[in-house]
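Colleague: Give me coordinates for this.
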Amino acid sequence: MSKEADRPKVADLLKCAERGVEVTVKGWVRTKRGNKNVAFIAVNDGSTIHNLQVVADVASFDEELLKQVTTGSCIRVVGTLVDSLGSGQPVEVQAREIELYGGADPETYPLQKKGHTLEFLREIAHLRPRTNTFGAVRRMSHAMAFAIHKYFNDHGFYYLHTPLITASDAEGAGAMFQVTTLDIANPPRTEDGSIDYTQDFFGKQCNLTVSGQLEGEIGAMALSKIYTFGPTFRAENSNTPRHLAEFWMIEPEMAFYELEDNMDLAEDFLKYLIRYALENCMDDLEFLNKMYDNDLIERLKFVTDNDFVRLDYGEGIEILSQSGMKFEFPVAWGLDLQSEHERYLVEQHFKKPVILINYPKEIKAFYMKLNADGRTVRAMDVLFPKIGEIIGGSERETDLDLLQTRMSDYGIRPEDMWWYLDLRRFGSAPHSGFGLGFERLLLFVTGMSNIRDVIPFPRTPKNAEF
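Modeller: Residues are numbered from 1 along each chain as shown. Next comes the predicted model:
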């Protein structure tokens, strides 16, 4: 391994028990202050929310060099690790050598030592990871991604890469980005005037995927338990704090799992992820709790410390109807629940996370298993405080005739989904799965209020910068 790979990070040095040892620090300057005799330089390399203080004796360094050590500049420091004389940090580095890797003009560098709005920081998404807030969010994003893979690996799942380019629409929603190599100014036409997709790259109309679920079912019908974790796309003109045009989804699919097994997995999975955050990201959580959401840590423990309530959709509608609350959106059997309804059930009525099941078939996707009543499907939504739905899933329909009828109701042609129907023709088995939006999870565990602030480069209507 290279010498550079062995160099301790700022996070390691702040925890180091040794004193009087020579260390090398590399990172970006957050602040510089001092007087004509001494300079105090706060350095951060992204490994922790905390900065490492570098103390430089002004007389020992070139004056021009120290002038260029400004907020935003990148430096290498060699010095001695000692107990800090000031409050706020356990150790500091007495600098012997400073090298300037790259300067940052104080007149034009946008991240000076002052408060910046989140809206402003979205405009400089290439620099915002250098702030405390977005450094914390990115570290927590990494921790959650690692925990997701670890959980599934430890529970016998296989990671499946499902296609990003697809000819199927998993949701029947139609809000998809088209993928084509045709000349959009002058596409080839058939005799009836429609676009001739047989001349396109794939020989048919294709889109960016909205979900890897259908292909995930293929994996589950051979490997028993699989999961996907990849980007998905929705061409919805939604300018809300909860919607993105490009986001990442975690979608496990399990053979032999019925609805009850699916609920058990979803609850155990979410509790594992949140416990992982509490056990491994506390410095960042405490910062976010202090700066953005004073109830954040308490809300995370609310999830890990409570059993999730299992509630029938019909019972949920009855509770909401009799609540005496004036909701913005109507409540009636047959209507989908809105975030305000979901949050009422979780935060006020049960005071626990809720898994709502058995929704009316008309408001759920074609692939969900029909219940014996013929009116509802074996769907499940996991509802959390503050954000409402965090997971959506179901037991899948395995009856070939019922599935074909549902597809017909949604206007899905059997010839377009012949391979999906084959899964019911050849060795079908009970199976279930769910989807968890990664950024929705990050909203919950970071306490941020806008989904554009938990993905590095948000893709939203009229915005594809960076």
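
Colleague: burial of the closest residue to L14 other than its chain neighbours, as a residue count?
Modeller: Leaving aside its chain neighbours, L14 sits nearest to H50 (5.8 Å; criterion: C-beta to C-beta, 6 or more residues apart in numbering). The way it works is simple: take the backbone N, C-alpha and C, and place the C-beta from them, glycine included. H50: 18 surrounding residues under other C-beta atoms under 10 Å.

Colleague: Model confidence score at H50, please.
Modeller: The per-residue pLDDT reported for H50 equals 96.

Colleague: Find the helix or strand that it is a member of.
Modeller: Here H50 is covered by no helix or strand, with elements defined by DSSP states H and E.

Colleague: Which residues are in contact with it?
Modeller: By C-beta atoms under 8 Å, 6 or more residues apart in numbering, the contact set of H50 is 10-11, 14, 44, 89, 283.

Colleague: So it versus S141, what's the distance?
Modeller: According to C-beta to C-beta, to the nearest Å, H50 and S141 sit 19 Å apart.

Colleague: ok but E119 is inside a helix, no?
Modeller: Yes: applying DSSP: H, G, I helix; E, B strand; the rest coil, one finds E119 inside a helix.

Colleague: can you give me the helices in the stretch 1-150 of the chain?
Modeller: For the stretch 1-150 of the chain, the helices defined by DSSP state H, counting those that start in this stretch occupy 3-6, 10-15, 63-68, 118-123, 132-154.

Colleague: for the first one, what is the average pLDDT?
Modeller: Going back to what we said before, that points to helix 3-6. On average, helix 3-6 scores 84.

Colleague: Only alpha carbons, please: show that helix as CSV.
Modeller: Taking C-alpha atoms only, helix 3-6 is exported to CSV below (Å, rounded to 0.1, in the frame of the first residue of the first chain):
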residue,chain,number,x,y,z
LYS,A,3,2.6,5.8,1.8
GLU,A,4,-0.2,8.2,1.1
ALA,A,5,-2.8,5.6,1.8
ASP,A,6,-1.4,5.2,5.3
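
Colleague: Please name whichever of the contacts of H50 scores lowest on pLDDT.
Modeller: Q89 (87).

Colleague: Please name the bridge partners of the nearest residue to it once chain neighbours are set aside.
Modeller: Spatial nearest neighbour of Q89, excluding adjacent residues (C-beta to C-beta, 6+ apart): Q53 at 5.5 Å. Beta-bridge pairing for Q53 (DSSP bridges): A42, E92.

Colleague: With V354 instead?
Modeller: V309, L383.

Colleague: can you check R396 too?
Modeller: Note on R396: beta-bridge partners by DSSP bridges are M368.

Colleague: Just confirm it contacts A365, I think it does.
Modeller: No: the pair R396 / A365 is not scored as a contact, 9.7 Å apart, by C-beta atoms under 8 Å.

Colleague: so D307 sits in a helix?
Modeller: No: if the criterion is three-state DSSP, then D307 is coil and not within a helix.

Colleague: which residues of the stretch 201-350 of the chain score low on pLDDT?
Modeller: By pLDDT under 70, the stretch 201-350 of the chain has no low-scoring segment.

Colleague: Please enumerate the helices of it.
Modeller: For the stretch 201-350 of the chain, helices defined by DSSP H, counting those that start in this stretch occupy the ranges 213-223, 259-280, 282-291, 296-304, 313-321, 339-343.

Colleague: how far is the fourth one from where the chain is centred?
Modeller: When distances are taken as C-alpha atoms, centre = their mean, to the nearest Å, helix 296-304 is centred 18 Å away from the chain's centroid.

Colleague: swap in the shortest one?
Modeller: Here the centre of mass of C-alpha atoms in helix 339-343, compared against the chain's by C-alpha atoms, centre = their mean, lies 21 Å away.

Colleague: Could you list the buried residues of stretch 137-148?
Modeller: Across stretch 137-148, burial judged by 16 or more other C-beta atoms under 10 Å covers 137-141, 143-145, 147-148.

Colleague: which one's the longest strand in this protein?
Modeller: The longest strand of the chain (DSSP state E) is strand 21-34.

Colleague: what's in contact with that one?
Modeller: Contacts of strand 21-34 (C-beta under 8 Å, 6+ apart): 7-8, 10, 13, 39-46, 51-52, 54, 56, 58, 69-81, 93, 96, 101, 104, 113, 130.

Colleague: among those, which are in strands?
Modeller: The strands, defined by DSSP E, take in 39-44, 52, 54, 56, 74-81, 93, 96, 101 from those.

Colleague: circling back: just the buried residues out of the contacts of strand 21-34, in PyMOL syntax.
Modeller: To isolate the buried ones among those in PyMOL, judged by 16+ other C-beta under 10 Å, type:
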select buried, resi 8+10+13+39+41+42+43+44+45+51+52+54+56+69+70+71+72+73+74+75+77+79+81+93+104+130
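
Colleague: how about K351, what does it touch?
Modeller: So K351 contacts N306 (C-beta under 8 Å, 6+ apart).

Colleague: ok so, going back, which one of R396 and A365 has more residues nearby?
Modeller: Counted by other C-beta under 10 Å, R396 and A365 do not tie: R396 has more neighbours, with 29 against 20.

Colleague: who are the neighbours in contact with that one?
Modeller: If you count contacts by C-beta under 8 Å, 6+ apart, R396 has them with 217, 367-369, 431-433.

Colleague: could those go into a markdown table alongside distance to R413 and neighbour count?
Modeller: Below are the contacts of R396 laid out as a markdown table (distance: C-beta to C-beta, whole Å; neighbours: other C-beta atoms under 10 Å):
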| residue | distance to R413 | neighbour count |
| --- | --- | --- |
| E217 | 19 | 22 |
| Y367 | 15 | 24 |
| M368 | 19 | 23 |
| K369 | 22 | 23 |
| H431 | 23 | 25 |
| S432 | 26 | 28 |
| G433 | 24 | 26 |
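
Colleague: Tell me what the spatially closest residue to F229 that is not a sequence neighbour is bridged to.
Modeller: In space, and not counting its chain neighbours, F229 is closest to I250: 5.0 Å by C-beta to C-beta, 6+ apart. Here I250 sits in beta bridges with F229, L436, going by DSSP bridges.

Colleague: what number of residues lie near I250?
Modeller: Neighbour count of I250, defined by other C-beta under 10 Å: 24.

Colleague: Surely it and P231 touch.
Modeller: No: contact criterion C-beta under 8 Å: I250 and P231 do not qualify, at 11.5 Å.

Colleague: overlap in contacts of those two?
Modeller: With the criterion set as C-beta under 8 Å, 6+ apart, the contacts of I250 and P231 do not overlap.

Colleague: Could you pull up the residues touching the residue of the chain positioned farthest from its centre?
Modeller: Distance from the C-alpha centroid of the chain peaks at A59, with 48.6 Å (C-alpha atoms, centre = their mean). Contact analysis of A59 by C-beta under 8 Å, 6+ apart lists N37.

Colleague: distance of it from N37?
Modeller: Per C-beta to C-beta, A59 is found 7 Å from N37.

Colleague: ditto for W248
Modeller: For W248, the distance to N37 - C-beta to C-beta - is 51 Å.
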